[in-house]
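*Asks:* sharing a model that was predicted from the sequence below.
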Amino acid sequence: MSDDNNASNTTGNATSAMWGGRFKAGPSAVMEEINASIGFDKRLYAQDIRGSRAHASMLVRQGILTEDDGKAILEGLDRVETEIRSGRFEFSRALEDIHMNVESRLRDLIGDAAGRLHTARSRNDQVATDLKLWVRDALDGLDGSLRDFQAVLIARAEEHAATVMPGFTHLQAAQPVTLGHHMLAYVEMIGRDRSRIRDCRRRMNECPLGAAALAGTSFPIDRDFTATQLGFDRPTQNSLDSVSDRDFALEYLGLLSILSVHLSRMAEEMVIWASQQFAFIRVSDDFSSGSSIMPQKRNPDASELVRGKAGRVFGSLMGLLTVMKGLPLTYGKDMQEDKEPVFDASDTMELCVAAMTGMFRSATFGVARMKADAGKGFTTATDLADWLVRVLNLPFRDAHHVTGALVKMAEDKGCGLEDLSLDEMRSVNAAITDAVFAVLGVDNSVASRTSLGGTAPDNVKAQCAHARERFLS
Ligand code: ARG
């Protein structure tokens with residue numbers, strides 16, 4: 001709790017200005033340390049002040065607060081916000097959290113009217129509102145970052161619509177595909193992440209403010225007004241649930257976890273592709289690092305870190321799930337443990353998305369190497385089998401068998417399928433003609449895969465245009 005100099009030596013003498021009436025002594029130093037959240041929840045200051053503005057305005061409209069007090073509160077909140085934004089605000093650990101830090105400073109600035117702001121409100125509905133506002137902003141920000149990432153991927157896909165590379169299953173060369181097609185696979189993955197963001201946002205966009213401590217309030221508040229002011233679709237419907245719900249934080253961490261699975265898989269491919277053995281990609285200098293001992297090295301550290309940070313994001317999700325799993329209704333202080341995982345996972349993922357976007361934007365692809373490798377490992381064997389079906393009318397199972405025998409023959413000879421002579425092919429099936437050679441090249445192979453969602457360069461070009469419409473417009 002490094003920011004807190006004013007109160008770190010509290011020995012139990014000073015009672016709290018906020019609830020001192022009930023206590024003879026203030027908290028011990030250890031109590032203060034375990035209890036305080038200001039070290040991290042100060043990140044909620046803008047949301048906290050925004051919520052207070054809406055609440056104060058509503059209290060005035062409802063005649064619960066005088067116009068004068070309302071005006072003083074709103075002006076005071078502006079000043080507090082300016083102080084915090086400019087770094088002049090002194091956060092106090094003795095004041096525990098952002099809510100009480102703001103209110104206490106408001107009292108310094110405007111006097112007694114500050115004490116009326118907390119009418120018909122509790123920190124329980126306040127913190128739920130603040131965190132929802134924060135997560136909602138984070139969702140919107142992340143959606144924008146992912147859109148930028150998709151824009152880069154689509155641009156690279158267009159550029160490499162016809163670049164041939166091996167496609168893999170089991171990390172074994174399977175069939176030739178196009179690099180553009182591979183990039184568009186990433187675009188789809190990120191598209192689903194963005195759709196999860198939309199779902200989460202829609203579901204969570206209900207305002208808990210006005211639930212008060214847990215039971216609602218006897219004051220004639222207008223929850224529709226505060227909900228609208230804060231950009232929520234509507235108020236939440238049950239006060240008990242309102243202060244105890246952290247589903248939105250769990251969903252946010254859940255969708256971040258799935259996103260981090262995606263980024264980690266892409267990062268893993270980058271690591272493999274950047275190896276000398278593959279040489280499919282060259283990560284730009286500004287995203288590579290060297291070795292302190294091996295001068296030749298060019299390590300894909302950023303990709304490895306994206307891969308590694310997935311563990312950290314899953315940890316945040318598991319952490320909060322565990323915090324929540326045994327809590328009876330309604331609020332429990334355990335729930336103060338919701339913020340650090342949310343903030344950490346959010347920062348981590350924004351950084352990872354930025355790193356991946358930068359790496360994909362600036363990487364160069366080993367186009368010649370990819371093409372050379374695309375035909376290795378008999379990757380056009382399926383094209384040969386399909387030809388036997390299409391032209392010789394063999395049942396696919398027989399075609400598979402004939403092709404298998406030809407692969408074996410080529411393997412024994414140490415050559416590719418296209419290097420076998422027509423006579424050699426005919427020794428396996430006498431009906432084969434030299435038309436077969438047309439399907440054995442990798443370019444022909446990818447060009448023929450024109451089924452919906454297939455890898456043909458023409459498809460990829462059309463899919464790029466479609467992806468722009470779906471994701472970037
Ligand atoms: N700092 C607290 C949190 O983050 C705010 C709510 C405190 N409520 C209470 N009844 N102690 O959860």
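*Replies:* Done, it's in.
*Asks:* identify the residues contacting the residue lying closest to Phe149 once chain neighbours are set aside.
*Replies:* Closest residue in space to Phe149, ignoring its immediate chain neighbours: Thr357 at 4.5 Å, by CB to CB, 6 or more residues apart in numbering. No exception for glycine: its C-beta is placed from N, CA and C like everyone else's. By CB atoms under 8 Å, 6 or more residues apart in numbering, the contact set of Thr357 is Ser145, Asp148, Phe149, Val152.
*Asks:* of these, select the buried ones using a ChimeraX command.
*Replies:* Applying 16 or more other CB atoms under 10 Å to the contacts of Thr357, the buried members can be selected in ChimeraX as follows:
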select :145,149,152
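*Asks:* what parts of the stretch 251-400 of the chain come near the ligand?
*Replies:* Tyr331, Lys333, Met335, Gln336 (CB under 6 Å from any ligand atom).
*Asks:* cutoff 8 Å now
*Replies:* Taking CB under 8 Å from any ligand atom, the part of the stretch 251-400 of the chain that reaches the ligand is made up of Tyr331, Lys333, Met335, Gln336, Asp338, Lys339.
*Asks:* tell me who's in contact with the closest residue to the ligand within the stretch 301-450 of the chain.
*Replies:* Residue of the stretch 301-450 of the chain nearest the ligand, by CB to the nearest ligand atom: Gln336 (3.7 Å). Neighbour list for Gln336: Ser37, Asp41, Asp97 [criterion: CB under 8 Å, 6+ apart].
*Asks:* which phi and psi does the first one have?
*Replies:* Its backbone dihedrals place Ser37 at phi -120, psi 0, with angles given as degrees, to the nearest 10.
*Asks:* near the residue nearest to it when sequence neighbours are not counted, how many other residues are there?
*Replies:* Excluding the flanking residues, the one nearest Ser37 by CB to CB, 6+ apart is Asp97, at 4.6 Å. Asp97 has 25 neighbours, counted by other CB atoms under 10 Å.
*Asks:* so Asp97 makes contact with Gly39?
*Replies:* No: look at Asp97 against Gly39 with CB atoms under 8 Å: they stay out of range, at 9.6 Å.
*Asks:* can you show me the helices along the stretch 151-300 of the chain?
*Replies:* 179-204, 223-229, 239-244, 247-274 (DSSP state H, counting those that start in this stretch).
*Asks:* Serialize the ones you listed to a markdown table and add fields for mean pLDDT.
*Replies:* Converted to a markdown table, these look like this (pLDDT from 0 to 100):
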| stretch | mean pLDDT |
| --- | --- |
| helix 179-204 | 98 |
| helix 223-229 | 98 |
| helix 239-244 | 98 |
| helix 247-274 | 98 |
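*Asks:* make a markdown table out of the ones you listed and add mean neighbour count.
*Replies:* Output for the helices of the stretch 151-300 of the chain, formatted as a markdown table (neighbours: other CB atoms under 10 Å):
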| stretch | mean neighbour count |
| --- | --- |
| helix 179-204 | 19 |
| helix 223-229 | 20 |
| helix 239-244 | 21 |
| helix 247-274 | 21 |
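*Asks:* residue ranges in this protein under the pLDDT threshold?
*Replies:* Flagging of the chain using pLDDT under 70 yields the residue ranges 1-14, 17.
*Asks:* go with 90
*Replies:* 1-27, 285-300, 375-377, 416, 438, 441 (pLDDT under 90).
*Asks:* gap between the residue nearest the centre of it and Met204?
*Replies:* For the chain, the residue sitting closest to the mean C-alpha position, by CA atoms, centre = their mean, is Leu256 at 4.0 Å. Taking CB to CB, to the nearest Å as the measure, Leu256 falls 14 Å from Met204.
*Asks:* closest to Arg390 out of the residues of the stretch 251-400 of the chain next to the ligand?
*Replies:* Proximity of these to Arg390 (CB to CB) peaks at Asp338, which lies at 59.6 Å.
*Asks:* distance of the residue in the stretch 151-300 of the chain that the ligand sits nearest to relative to Ala114?
*Replies:* Going by CB to the nearest ligand atom, the ligand is nearest to Ala213 of the stretch 151-300 of the chain, at 7.1 Å. Here the criterion is CB to CB. By it, Ala213 lies 20 Å from Ala114.
*Asks:* same check, this time on Tyr252
*Replies:* Distance from Tyr252 to Ala114, by CB to CB: 32 Å.
*Asks:* likewise for Asp383?
*Replies:* Taken as CB to CB, the span from Asp383 to Ala114 is 77 Å.
*Asks:* who in the stretch 51-200 of the chain is up against the ligand?
*Replies:* Within the stretch 51-200 of the chain, the residues that sit near the ligand (CB under 8 Å from any ligand atom) are Glu96, Asp97, Ile98, His99, Ser122, Arg123, Asn124, Gln126, Val127, Leu131.
*Asks:* save the residues you listed as JSON lines, and put in distance to Lys297 and secondary structure too.
*Replies:* What follows is these, written out as JSON lines (distance: CB to CB, whole Å; DSSP: H, G, I helix; E, B strand; the rest coil):
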{"residue": "Glu96", "distance to Lys297": "49", "secondary structure": "coil"}
{"residue": "Asp97", "distance to Lys297": "47", "secondary structure": "coil"}
{"residue": "Ile98", "distance to Lys297": "46", "secondary structure": "helix"}
{"residue": "His99", "distance to Lys297": "51", "secondary structure": "helix"}
{"residue": "Ser122", "distance to Lys297": "57", "secondary structure": "coil"}
{"residue": "Arg123", "distance to Lys297": "53", "secondary structure": "helix"}
{"residue": "Asn124", "distance to Lys297": "54", "secondary structure": "helix"}
{"residue": "Gln126", "distance to Lys297": "52", "secondary structure": "helix"}
{"residue": "Val127", "distance to Lys297": "48", "secondary structure": "helix"}
{"residue": "Leu131", "distance to Lys297": "44", "secondary structure": "helix"}
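*Asks:* residues contacting the residue lying closest to Arg198 once chain neighbours are set aside?
*Replies:* Leaving aside its sequence neighbours, Arg198 sits nearest to Asp143 (CB to CB, 6+ apart; 7.7 Å). Going by CB under 8 Å, 6+ apart, Asp143 touches Arg194, Ile197, Arg198.
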